[in-house]
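# sequence unavailable; structure follows:
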């Protein structure tokens, strides 16, 4: 409980003036936060396609060096992005080329379908992890989650 700055009597924390002497009381500023919260940092790591940028920033920052959960989400977000790149740059073109090599002129053949399904699967994982991170849950995706846990453990 605070006291008056002039007469020393008790005042409430919300009092602007002292009830006894009428002196104006100093206004206490709300406590300042040190940047973003761990939950927000975890959520940012799962933004589809560009989440790797905040994930690298989280891993490089001193603020989250001791936050294992945030670092886990950062690594898992980076690994999801790597899977996206593999699907987009390797699997989708390779299956599309095999479709074109068969000299069929169907535009939506199995090669194009496989790349699209895999991209949708990775996008679904990103959205699912956005929801889990916003709930504060440390959900471990198959294979990717294990890699993320190993990466966090190696950095301790």
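Structure received. This one's a predicted model, so the numbers in the text were calculated from it and none came from an experiment.

# show me what counts as buried in the biggest helix by length in the chain.
Counting residues, the longest helix in the chain under DSSP state H turns out to be helix 110-134. Judged by neighbour count using 16 or more other CB atoms under 10 Å, the buried positions of helix 110-134 are 111-112, 114-115, 118-119, 122, 125-126, 129-130, 132-133. (C-beta placed from N, C-alpha, C; glycine too.)

# same check, this time on stretch 76-95
For stretch 76-95, by 16+ other CB under 10 Å, it's 76-81, 83-84, 87, 91-92, 95.

# excluding its backbone neighbours, what's nearest residue 52?
residue 81 (4.2 Å; CB to CB, 6 or more residues apart in numbering).

# SS state for that neighbour?
helix (DSSP: H, G, I helix; E, B strand; the rest coil).

# against residue 113, how distant is it?
23 Å (CB to CB, to the nearest Å).

# ok, now residue 15?
69 Å.

# same question, residue 88
If you go by CB to CB, the gap between residue 88 and residue 113 works out to 15 Å.

# residue 69 too?
Between residue 69 and residue 113 the computed distance is 37 Å (CB to CB).

# so how far is residue 115 from residue 93?
8 Å.

# cool, residue 24 as well?
From residue 24 to residue 115 the distance is 68 Å (CB to CB).

# helices of the chain, start to end?
So, for the chain - with DSSP H - the helices run 38-44, 52-60, 68-86, 92-101, 110-134, 144-154.

# return the angle between stretch directions for the third one and helix 144-154.
Right, helix 68-86. 130 degrees (axes from the mean of the first three to the mean of the last three CA atoms, to 10 degrees).

# how close does residue 16 get to residue 79?
Relative to residue 79, and taking CB to CB, residue 16 is found at 53 Å.

# got a list of what the residue nearest to residue 52 touches?
Residues in contact with residue 81, defined by CB atoms under 8 Å, 6 or more residues apart in numbering, are 49, 51-52, 55.
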